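A predicted structure for the sequence below; I have some questions about it.
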Amino acid sequence: MPNGAQALMKTLADAGVTVCFTNPGTSEMHFVAALDDEPRMRAVLCLFEGVATGAADGYARMTDRPAATLLHLGCGLGNGLANLHNARKGRVPVVNIVGDHATYHMPLDAQLQSDIETVARNVSPGFVRTSMRTQDLSRDAVDAIAAACSRPEQVATLILPADVSWGEGGIPCSPPERSSPPAADAAVVATIADAIRSGGKVALLLGRHALREPALLAAARIAAHSGVKLLAEVFPTRLERGAGLPPVERIAYLAELAGVQQAEFQHLVLVDAKAPVSFFAYPGKPSELVPASCQLHTLSTPAEDAAASLLALAEALGADHAAPALQPAARPGRPRGRLTAEKVCKAVGHLLPERAIVVDEAITSGLMLPLMTAGAPRHDLITLTGGAIGQGLPNAIGAAIACPDRPVLALIGDGTAMYTIQALWTLAREQLDVTVIIFNNASYSVLNVELERVGAERIGDKARAQLDLKGPRLDFCRLAQGMGVHGVRASTAEDFCRALEYALGHPGPHLIEAVVPESLSGVKRKALPWVLKALPKLPAALARRLKKKLAP
């Protein structure tokens with residue numbers, strides 16, 4: 001009979017979990033050895049646990065099925081927590097396998113002993129289990145896979161003691177049964193249809209599965225028929241967009257701008273989304289962003305089928321045959337002159353290939369990316385769902401492995417790149433078709449903006465130094481080359497366009513370091529808090545124009 005690790009490996013592969021992102025240690029060696037017994041399992045080594053967890057997240061976003069991670073004890077899990085947090089907030093399925101000491105070794109409190117279950121519950125509150133017997137291991141794995149894939153999807157953590165892994169008598173188990181999520185209740189659909197017919201202004205706020213083509217088309221038919229507005233969550237897990245697909249306006253990151261977007265509506269309908277709240281608390285400002293005058297409705301919860309619910313609503317309204325508004329094909333012109341963040345975004349829109357996957361962790365440098373790529377060939381957009389930076393580079397690994405026939409572009413800020421820079425090594429090792437664009441503005445620019453917004457007083461040199469990356473300035477070309485990735489630097493739009501054309505024309509990993517000034521700096525940054533403070537007092541039309549200029 002197989003040992004526990006071998007039985008576990010077959011169980012995972014039979015259930016469709018055929019990629020494992022690994023950063024193993026001593027306790028996981030029998031799992032590592034079992035990789036050779038299962039030809040269906042692809043093992044991808046990552047040099048940091050946060051890369052492994054972020055890669056599993058990116059893979060699942062593009063396949064709608066979980067990858068596994070392999071992490072070493074509580075410390076390894078701790079190193080991977082930030083990107084598991086992002087996966088949890090994005091409701092992404094991940095099967096987290098965390099090695100532990102042998103069961104009889106645990107009471108000895110060895111150097112790496114820790115309470116792994118307590119650590120894991122921060123990111124997988126719905127399923128954490130320590131498998132205590134080899135004979136039960138595969139059944140525990142099936143339960144973990146079922147939990148990860150159930151609606152709403154989640155991170156499921158299975159803790160694997162070393163002796164349970166090496167023990168004889170492992171028994172592979174059949175895959176879990178999959179059930180289709182239900183559509184919204186007919187009474188809920190009827191109530192929301194009545195609200196839409198009432199004559200007040202209505203917006204649909206779309207999240208998670210509602211941002212895929214079938215759901216988007218149904219929502220766009222409702223919008224065309226009944227005049228409702230389509231909004232998307234500020235940071236979508238995965239958004240299908242571009243020419244030929246319905247356009248949807250994302251909620252703004254800045255709370256004041258999000259308030260402007262929602263001020264005109266009497267009804268806000270949630271479709272696989274949560275009601276918008278401010279990312280942080282600010283003195284004297286509300287944390288809940290839905291106006292008191294706006295009635296909140298839920299068409300479909302994360303446990304329900306968003307597309308089926310929207311189709312039912314369209315039918316109730318008589319909108320199921322309406323012609324949806326679709327984004328026309330359009331590209332910005334080729335940028336010229338000194339390179340700026342806006343020109344980088346313009347170049348991406350000008351050159352974006354068909355069926356690309358765009359990973360956006362550009363932070364302030366990517367403010368113009370949605371506008372510049374709106375009419376580009378259809379593509380998928382992945383964003384920073386949980387706000388824990390360091391997601392973008394690992395997500396690009398997972399997306400490229402999930403979709404090897406599609407080009408991946410990862411737009412990354414310089415500060416966030418350094419959280420998971422080890423991802424470049426895995427890109428090179430696996431020879432993935434990923435083009436990484438690093439915006440090097442030598443600053444934590446978004447934190448400089450927040451420093452102004454929170455009303456902190458007496459901002460001196462010591463405070464400013466904590467948000468400055470100029471001494472020494474990071475050299476991403478050398479970092480890339482040291483990890484086996486082709487890297488070039490661009491400081492003009494012409495150089496950047498040539499570099500991007502080369503990268504897109506030559507499959508394999510490439511890095512382009514875009515040397516740019518901060519998008520929000522100097523007078524712009526100092527004026528921003530005052531503009532935001534003034535927005536509620538301005539005429540609605542003027543406030544909307546300002547919002548469009550600041551966050552198109």
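It's in. Residues are numbered from 1 along each chain as shown.

now the strands for the stretch 1-150 of the chain?
19-22, 42-45, 68-72, 94-100, 128-130 (DSSP state E, counting those that start in this stretch).

Any chance of a markdown table for the ones you listed, columns mean pLDDT?
Shown next, in a markdown table, are the strands of the stretch 1-150 of the chain (pLDDT from 0 to 100):
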| stretch | mean pLDDT |
| --- | --- |
| strand 19-22 | 98 |
| strand 42-45 | 98 |
| strand 68-72 | 98 |
| strand 94-100 | 98 |
| strand 128-130 | 98 |
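
so which of those strands gets nearest Ala144?
With C-beta to C-beta, the closest approach to Ala144 among the strands of the stretch 1-150 of the chain belongs to strand 94-100: 5.4 Å. (Each C-beta comes from the backbone N, C-alpha and C, glycine too.)

Can you name every helix or strand that the closest one contacts?
helix 49-63, strand 68-72, helix 73-79, helix 81-89, helix 116-120, helix 134-149, strand 155-161, helix 162-166 (3 or more C-beta pairs under 8 Å, 6 or more residues apart in numbering; DSSP states H and E).

closest to Pro107 out of those?
The closest of these to Pro107 is strand 155-161. By C-beta to C-beta, the value is 12.4 Å.

Could you check the angle the closest one makes with helix 49-63?
Angle of strand 155-161 versus helix 49-63, following axes from the mean of the first three to the mean of the last three C-alpha atoms, to 10 degrees, is 130 degrees.

Report the contact partners of Ala347.
Applying C-beta atoms under 8 Å, 6 or more residues apart in numbering to Ala347 gives the contacts Arg334, Pro335, Ala493, Phe496, Cys497, Leu500.

Shouldn't it be within a helix?
Yes - assessed with DSSP: H, G, I helix; E, B strand; the rest coil, Ala347 lies in a helix.

What ranges does the stretch 251-400 of the chain have for its strands?
Going by DSSP E, counting those that start in this stretch, the stretch 251-400 of the chain shows strands at 267-271, 295-300, 357-361, 379-383.

Among those, show me which one is buried the most.
Highest mean neighbour count of these: strand 357-361, a mean of 26 (counted as mean count of other C-beta atoms under 10 Å).

May I see the strands of the stretch 1-150 of the chain arranged in TSV, with distance to Ala306 and mean neighbour count as well?
Formatted as TSV, those follow (distance: least, C-beta to C-beta, whole Å; neighbours: other C-beta atoms under 10 Å):
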stretch	distance to Ala306	mean neighbour count
strand 19-22	26	25
strand 42-45	30	17
strand 68-72	27	27
strand 94-100	21	27
strand 128-130	28	20
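
In JSON lines: the ones you listed, plus distance to Ile438.
JSON lines is the format used below for those (distance: least, C-beta to C-beta, whole Å):
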{"stretch": "strand 19-22", "distance to Ile438": "22"}
{"stretch": "strand 42-45", "distance to Ile438": "22"}
{"stretch": "strand 68-72", "distance to Ile438": "25"}
{"stretch": "strand 94-100", "distance to Ile438": "26"}
{"stretch": "strand 128-130", "distance to Ile438": "36"}
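
do you know which of those strands lies nearest Lys533?
strand 94-100 (40.6 Å).

just for the protein, where's the confidence low?
Along the chain, segments meeting pLDDT under 70 span 445, 448, 451-458, 523.

if you set the cut-off to 90 instead, what comes out?
Across the chain, the ranges flagged by pLDDT under 90 are 1, 178-179, 199, 253-260, 263, 279-286, 292, 363-364, 442-473, 518-552.

about what we covered before: nearest to Ala156 among the strands of the stretch 1-150 of the chain would be which one?
strand 94-100 (5.6 Å).

how much does that closest one deviate in direction from helix 81-89?
Relative orientation of strand 94-100 versus helix 81-89 (the same axes, to 10 degrees): 140 degrees.

relative to strand 68-72, how tilted is strand 94-100?
Strand 94-100 and strand 68-72 are oriented at 20 degrees to each other (the same axes, to 10 degrees).

Just checking the distance from strand 94-100 to the centre of its chain.
In terms of C-alpha atoms, centre = their mean, to the nearest Å, the centre of strand 94-100 is found 20 Å from the chain centre.

and if you look at stretch 67-77?
Offset of stretch 67-77 from its chain centre (C-alpha atoms, centre = their mean): 20 Å.

So what touches it?
Outside stretch 67-77, the residues that reach it (C-beta under 8 Å, 6+ apart) are 12, 17, 19-28, 31-32, 49, 52-53, 55-56, 59-60, 79-80, 94-101, 112, 114-116, 119-120, 157, 398.

now do 6 Å
Applying C-beta atoms under 6 Å, 6 or more residues apart in numbering, the contact partners of stretch 67-77 are 17, 19-22, 24-25, 28, 49, 52-53, 56, 59, 80, 95-99, 112, 114, 116, 119.

quick one, phi/psi of Glu249?
Glu249 adopts backbone torsions of phi -90, psi 120, taken as degrees, to the nearest 10.

same question but for Arg378, I mixed them up
phi -60, psi 140.

Please apply the same query to Gly387.
phi 80, psi 0.

what about the residue nearest to it when sequence neighbours are not counted, distance to Leu532?
Nearest residue to Gly387, sequence neighbours excluded (C-beta to C-beta, 6 or more residues apart in numbering): Phe279, at 6.6 Å. The gap separating Phe279 from Leu532 is 14 Å, by C-beta to C-beta, to the nearest Å.

What of Ala232?
Ala232 sits 22 Å away from Leu532, taking C-beta to C-beta as the criterion.

And the two? Which one has more around it.
Ala232 (25 against 22; other C-beta atoms under 10 Å).

Give the bridge partners for the more buried one, please.
Going by DSSP bridges, Ala232 is paired in beta bridges with Leu206, Arg250.

ok so, going back, go through the strands of the stretch 1-150 of the chain and name the closest to Pro161.
strand 94-100 (4.6 Å).

The stretch 251-400 of the chain: helices as residue ranges?
With DSSP state H, counting those that start in this stretch as the criterion, the stretch 251-400 of the chain has helices at 255-262, 306-317, 341-351, 369-373, 392-402.

what angle do the very next helix or strand once past the last one and strand 379-383 make?
Using DSSP states H and E, the helix or strand that follows helix 392-402 towards the C-terminus is strand 408-413. Regarding strand 408-413 and strand 379-383, their directions subtend 30 degrees when assessed with the same axes, to 10 degrees.

Quickly run through the sheet partners of strand 408-413, with directions.
Strand 408-413 sits in its sheet next to strand 357-361 (parallel), strand 434-440 (parallel), going by DSSP bridges.

quick one: buried residues of stretch 48-68?
48-63, 65-68 (16 or more other C-beta atoms under 10 Å).
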